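> Just the structure for this:
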Amino acid sequence: MTESEAALLAEADPNRQEDLIAENSPDPLEGEQTWPTEDELAEATANAGQCTLEEEENFHWNRNFGGSKFAKFQFRLSNLSSVLSNLSMI
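So this is what the prediction gives:
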């Protein structure tokens, strides 16, 4: 074989290839809020007024964001910086 000739070393198996999708197809319902279940409504009614505001905030945070304290700190810090930037515009 000469330098100008190319040798086929391997051929791709179409059954093992991954799709070559370059963009994510957004799900229009991904961020939608769902209705509470009967169990959640019953639990909320039974526990109404039995927790502090901080406990309620932590419950919602853990339910929606997985409970990471560092992520919660970053979220609060970003909110604080946006509030401060809005104040500086006044």
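> need the helices for the protein, in chain order.
38-46, 53-65, 69-88 (DSSP state H).
> buried residues in the shortest one?
The one in question is helix 38-46. For helix 38-46, a neighbour-count test (16 or more other CB atoms under 10 Å) marks nothing as buried. Just so you know, the C-beta spots here come from the backbone N, C-alpha and C atoms, and that holds for glycine as well.
> Contacts made by that helix with the rest, please.
Pro36 (CB atoms under 8 Å, 6 or more residues apart in numbering).
> Using CSV, list the CA coordinates for that helix.
Coordinates of each C-alpha in helix 38-46 appear next as CSV, following Å, rounded to 0.1, in the frame of the first residue of the first chain:
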residue,chain,number,x,y,z
GLU,A,38,-56.0,14.8,47.5
ASP,A,39,-53.3,13.5,49.9
GLU,A,40,-51.4,16.8,49.8
LEU,A,41,-54.6,18.8,50.3
ALA,A,42,-55.5,16.6,53.3
GLU,A,43,-52.0,16.9,54.8
ALA,A,44,-52.0,20.7,54.3
THR,A,45,-55.4,21.0,56.0
ALA,A,46,-54.3,18.9,58.9
